[in-house]
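Student: build me a model:
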Amino acid sequence: MTAATADAPSASSLRRSGVARLFLGDSSGAAEDLAAAAASVGTDADLWVDLSAASLELCDDSAVLESCVDALSAADTALGLQPSND
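Tutor: Prediction:
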(Lines give C-alpha, C1' and ligand atoms only; values in the text may rest on other atoms or scores of the structure.)
Protein backbone atom coordinates (compact mmCIF):
# COMPACT_ATOMS: atom_id res chain seq x y z
CA MET A 1 0.00 0.00 0.00
CA THR A 2 1.39 3.41 -0.93
CA ALA A 3 1.36 6.42 1.38
CA ALA A 4 -1.25 8.10 -0.83
CA THR A 5 -3.51 5.06 -0.58
CA ALA A 6 -3.09 4.88 3.19
CA ASP A 7 -4.08 8.56 3.52
CA ALA A 8 -7.12 8.27 1.25
CA PRO A 9 -10.45 8.28 3.09
CA SER A 10 -12.41 5.05 3.03
CA ALA A 11 -15.73 4.75 1.21
CA SER A 12 -17.42 4.43 4.59
CA SER A 13 -15.92 7.66 5.92
CA LEU A 14 -16.74 9.45 2.66
CA ARG A 15 -20.33 8.30 2.95
CA ARG A 16 -20.63 9.47 6.56
CA SER A 17 -19.09 12.79 5.62
CA GLY A 18 -21.36 13.15 2.60
CA VAL A 19 -24.53 12.46 4.57
CA ALA A 20 -23.43 14.84 7.34
CA ARG A 21 -22.67 17.56 4.80
CA LEU A 22 -26.08 17.05 3.20
CA PHE A 23 -27.80 17.53 6.57
CA LEU A 24 -25.70 20.64 7.18
CA GLY A 25 -26.80 22.14 3.86
CA ASP A 26 -23.56 21.62 1.91
CA SER A 27 -25.11 19.86 -1.08
CA SER A 28 -22.05 20.38 -3.27
CA GLY A 29 -19.66 18.82 -0.74
CA ALA A 30 -22.15 16.07 -0.02
CA ALA A 31 -22.46 15.15 -3.69
CA GLU A 32 -18.68 15.20 -4.06
CA ASP A 33 -18.08 12.90 -1.07
CA LEU A 34 -20.90 10.53 -1.98
CA ALA A 35 -19.80 10.33 -5.62
CA ALA A 36 -16.30 9.38 -4.48
CA ALA A 37 -17.72 6.73 -2.15
CA ALA A 38 -19.98 5.34 -4.89
CA ALA A 39 -17.05 5.17 -7.30
CA SER A 40 -15.17 3.13 -4.73
CA VAL A 41 -18.05 0.82 -3.71
CA GLY A 42 -20.33 0.69 -6.71
CA THR A 43 -22.69 -2.07 -5.53
CA ASP A 44 -24.38 -0.44 -2.51
CA ALA A 45 -27.87 0.65 -3.56
CA ASP A 46 -28.38 2.71 -0.40
CA LEU A 47 -25.23 4.69 -1.13
CA TRP A 48 -26.52 5.46 -4.62
CA VAL A 49 -29.81 6.64 -3.09
CA ASP A 50 -27.84 8.97 -0.82
CA LEU A 51 -25.93 10.27 -3.85
CA SER A 52 -29.19 10.78 -5.71
CA ALA A 53 -30.59 12.82 -2.80
CA ALA A 54 -27.46 14.98 -2.58
CA SER A 55 -27.42 15.54 -6.34
CA LEU A 56 -31.10 16.46 -6.34
CA GLU A 57 -30.53 18.93 -3.51
CA LEU A 58 -27.56 20.39 -5.43
CA CYS A 59 -29.78 20.68 -8.50
CA ASP A 60 -32.34 22.56 -6.44
CA ASP A 61 -29.69 24.79 -4.82
CA SER A 62 -27.75 25.66 -7.94
CA ALA A 63 -30.18 25.08 -10.84
CA VAL A 64 -27.35 23.30 -12.68
CA LEU A 65 -28.93 20.85 -15.10
CA GLU A 66 -26.00 18.43 -14.81
CA SER A 67 -26.80 17.91 -11.12
CA CYS A 68 -30.39 17.02 -12.02
CA VAL A 69 -29.16 14.46 -14.53
CA ASP A 70 -26.71 13.10 -11.94
CA ALA A 71 -29.58 12.68 -9.46
CA LEU A 72 -31.63 10.67 -11.96
CA SER A 73 -28.63 8.60 -12.96
CA ALA A 74 -27.80 7.73 -9.35
CA ALA A 75 -31.43 6.79 -8.67
CA ASP A 76 -31.45 4.60 -11.78
CA THR A 77 -28.26 2.86 -10.61
CA ALA A 78 -29.81 2.26 -7.18
CA LEU A 79 -32.89 0.73 -8.78
CA GLY A 80 -30.71 -1.47 -10.97
CA LEU A 81 -28.86 -2.75 -7.92
CA GLN A 82 -31.97 -3.26 -5.78
CA PRO A 83 -35.17 -3.20 -7.85
CA SER A 84 -37.42 -3.80 -4.83
CA ASN A 85 -37.35 -2.38 -1.34
CA ASP A 86 -36.33 -5.60 0.42
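Student: ok, residue 60 - contacts?
Tutor: Residue 60 makes contacts with residue 27, as judged by CB atoms under 8 Å, 6 or more residues apart in numbering. Yep, even glycine has a C-beta here, placed from its N, CA and C like the rest.
Student: so which strand or helix has it?
Tutor: Per DSSP states H and E: residue 60 is located in helix 45-62.
Student: give the buried residues for that helix.
Tutor: Using 16 or more other CB atoms under 10 Å as the test for burial, helix 45-62 gives 47-59.
Student: go on, stretch 66-84?
Tutor: Residues 67, 68, 70, 71, 74, 75, 77, 78 are the ones in stretch 66-84 that count as buried (16+ other CB under 10 Å).
Student: could I get the buried residues of helix 45-62 as a markdown table with distance to residue 21 and pLDDT?
Tutor: A markdown table is the format used below for the buried residues of helix 45-62 (distance: CB to CB, whole Å; pLDDT from 0 to 100):
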| residue | distance to residue 21 | pLDDT |
| --- | --- | --- |
| 47 | 14 | 97 |
| 48 | 17 | 97 |
| 49 | 16 | 97 |
| 50 | 11 | 97 |
| 51 | 12 | 97 |
| 52 | 15 | 97 |
| 53 | 12 | 97 |
| 54 | 8 | 97 |
| 55 | 13 | 96 |
| 56 | 14 | 96 |
| 57 | 10 | 95 |
| 58 | 11 | 95 |
| 59 | 16 | 94 |
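Student: right, I'll call it a day here.
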